[in-house]
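*Asks:* Sequence unavailable; structure follows:
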């Protein structure tokens, strides 16, 4: 398929991976591959556990952010059986700060399933992998290709960008995903499927970057439709994002000497199972006075003091603004039902999401 043919409203069927592109791609990868803690060295066999763990962690997170978390996890739980035998609370604590906490719950559930139902060995097919908790089509394809060299092409954000530029795909995301998947598959070598996928990921990360791509260093520099047009940075085409409605609420930071009042969020839903300070509902258009009425009740509590400023946080589907109130409890004050006191010195061990870390820092600054 020529680069220009992808610009047509109804693209022609793509050819099989018989062109020079897969060979050029692998040749470039053999010279420039990134060294990553979860990636097997040349000649080594990939560890499915490390591949799976990294793919879950990398969802909606950068390689730089994931590195330290990955190292902590494999040091604590060196294989899937060890992780499957851990408690969900311990996993959430180790995950705290990485965000998108449903991933951590699914990570643990998947480890349990692999340990109990598969004898500690991951299924080696996309179909088998997709039957596991928290593994969708992309992750199943990535594990199948990288860990088991199945002839399939996972398409992440980096690969979407490379392919949409190489073929100048005019259709907007997300509608363009099936076409991009089809085109990406033409870049698969007849063998080394995992290396083909990782090569495209590396190419998107280091060369075909969102801004100012280093086209002169790309193995496809003479074959890229977007480069020929001089429109590289306009791809992939994306429909305008819809921003969620602002939600507002209050957070109540209560200290008892060197202890902090906290509770656990419900297991299901946003930030499920995570630790938080007591707070109001998060609602669009909520008045401060209504949020303040949802403060926890303790005997002998000092008067609530409103901190100057707001804590802001942006979730996937909505932005949030929190007013923060502080108060002090007497030495023997009992925690309300469903809440508990934790030492300030051990907060790092709690499964606190980033928004709660912001609240506590704002309150105790």
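*Replies:* Done, it's in. Only a predicted model underlies this, so the values are computations on that prediction, with no experimental measurement involved. Residues are numbered from 1 along each chain as shown.
*Asks:* Would you map the strands across this protein?
*Replies:* Using DSSP state E, the strands of the chain run over 247-256, 259-264, 275-276, 305-306, 311-314, 319-328, 339-343.
*Asks:* Mind putting those into CSV with mean neighbour count and distance to residue 101?
*Replies:* No exception for glycine: its C-beta is placed from N, CA and C like everyone else's. Listed next are the strands of the chain as CSV, based on neighbours: other C-beta atoms under 10 Å; distance: least, C-beta to C-beta, whole Å:
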stretch, mean neighbour count, distance to residue 101
strand 247-256, 22, 18
strand 259-264, 20, 12
strand 275-276, 21, 11
strand 305-306, 12, 28
strand 311-314, 16, 13
strand 319-328, 19, 15
strand 339-343, 15, 18
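*Asks:* of the ones you listed, which approaches residue 226 most closely?
*Replies:* Distance to residue 226, taken as C-beta to C-beta, is lowest for strand 311-314 among those, at 30.3 Å.
*Asks:* Which residues outside the closest one are in contact with it?
*Replies:* Applying C-beta atoms under 8 Å, 6 or more residues apart in numbering, the contact partners of strand 311-314 are 251, 319, 320, 321, 322, 324, 354, 355, 358, 359, 362.
*Asks:* mind listing what the first one touches?
*Replies:* Under the criterion of C-beta under 8 Å, 6+ apart, the contact partners of residue 251 comprise 276-280, 311, 322-325, 356, 359, 363.
*Asks:* same deal with residue 199?
*Replies:* 25, 26, 28, 29, 33.
*Asks:* So for residue 244, what's the pLDDT?
*Replies:* Predicted confidence (pLDDT) for residue 244: 88.
*Asks:* So what's the residue count around it?
*Replies:* The local packing of residue 244 (other C-beta atoms under 10 Å) involves 14 other residues.
*Asks:* gap between it and residue 281?
*Replies:* Distance, residue 244 to residue 281, using C-beta to C-beta, to the nearest Å: 16 Å.
*Asks:* And residue 329, by the same measure?
*Replies:* In terms of C-beta to C-beta, residue 329 sits 23 Å off from residue 281.
*Asks:* Between these two, tell me which one has more neighbours.
*Replies:* Using other C-beta under 10 Å, the more surrounded residue of residue 329 and residue 281 is residue 329, with 21 against 12.
*Asks:* does the more buried one really touch residue 255, like I thought?
*Replies:* Yes - between residue 329 and residue 255 there is a contact at 7.0 Å, judged by C-beta atoms under 8 Å.
*Asks:* Overlap of the contact sets of these two?
*Replies:* By the contact definition C-beta under 8 Å, 6+ apart, residue 329 and residue 255 are jointly contacted by residue 261.
*Asks:* what stretches of this structure score poorly on pLDDT?
*Replies:* Low-confidence segments of the chain (pLDDT under 70): 1-18.
*Asks:* That one - how does it break down into domains?
*Replies:* When the chain is parsed with automatic domain parsing, its domains come out as 3-234, 247-364.
*Asks:* Nearest to residue 240 among these would be which one?
*Replies:* When those are compared by C-beta to C-beta, domain 3-234 sits nearest residue 240, at 9.3 Å.
*Asks:* Tell me the gap between the closest one and the middle of its chain.
*Replies:* With C-alpha atoms, centre = their mean, to the nearest Å as the basis, domain 3-234 stands 13 Å off its chain's centre.
*Asks:* Give the buried residues for stretch 121-135.
*Replies:* In terms of neighbour count (16 or more other C-beta atoms under 10 Å), stretch 121-135 has its buried residues at 122, 123, 126, 129, 130, 132, 134, 135.
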